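*Asks:* sequence first, predicted model second:
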Amino acid sequence: MAPNNLDIILVAFLHGAFIACVLLLLVSLVLIAMLLSSFLTVFSIVAIDLYTTSSMFSSCFKTAKANLELGFVLVLCTLLRHAIAVVY
């Protein structure tokens, strides 16, 4: 007795659908992994750039702080010179 052709076709269809779903799942996982790795790369580049930029701004603030200290010392010296001139 010959097997029913519809049963064989149905089994082949289900087998093909199962393989297609597994492959689709694998491709989806690979794409998600690639997306996450690219986001991680972009965020690490941004973090490194922010660190570099903050160190540049930090050096600018250090320079401004040194200039303010120098200005304070010059004003103090001028006030002391005038105070000494008033006393003598």
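*Replies:* Happy to help now that I have it.
*Asks:* read off the pLDDT value for residue 3.
*Replies:* pLDDT for residue 3: 63.
*Asks:* ok, now residue 13?
*Replies:* At residue 13, the model reports a pLDDT of 93.
*Asks:* and it, what element?
*Replies:* Residue 13 is located in helix 5-87, with elements delineated by DSSP states H and E.
*Asks:* what's that helix packed up against?
*Replies:* Helices and strands touching helix 5-87, by 3 or more Cβ pairs under 8 Å, 6 or more residues apart in numbering; DSSP states H and E: there are none. (Each C-beta comes from the backbone N, C-alpha and C, glycine too.)
*Asks:* report the distance from it to the chain centre.
*Replies:* Its chain's average C-alpha position is 2 Å from that of helix 5-87, according to Cα atoms, centre = their mean, to the nearest Å.
*Asks:* any stretches of the protein with poor pLDDT?
*Replies:* The model of the chain has pLDDT under 70 over residues 1-3.
*Asks:* give me the neighbour count for residue 4.
*Replies:* When neighbours are defined as other Cβ atoms under 10 Å, residue 4 has 9 of them.
*Asks:* and the gap between it and residue 59?
*Replies:* Counting by Cβ to Cβ, to the nearest Å, the gap from residue 4 to residue 59 is 83 Å.
*Asks:* likewise residue 13?
*Replies:* According to Cβ to Cβ, residue 13 and residue 59 sit 69 Å apart.
*Asks:* what do you get for residue 32?
*Replies:* Distance of residue 32 to residue 59, computed by Cβ to Cβ: 41 Å.
*Asks:* kindly report the same for residue 22.
*Replies:* In terms of Cβ to Cβ, residue 22 sits 56 Å off from residue 59.
*Asks:* kindly report the same for residue 86.
*Replies:* Using Cβ to Cβ, residue 86 is found at 41 Å from residue 59.
*Asks:* cool, and residue 34?
*Replies:* 38 Å.
*Asks:* next: residue 27.
*Replies:* 49 Å.
*Asks:* likewise residue 5?
*Replies:* Taking Cβ to Cβ, one finds residue 5 at 81 Å from residue 59.
*Asks:* ok, now residue 73?
*Replies:* Distance of residue 73 to residue 59, given as Cβ to Cβ: 21 Å.
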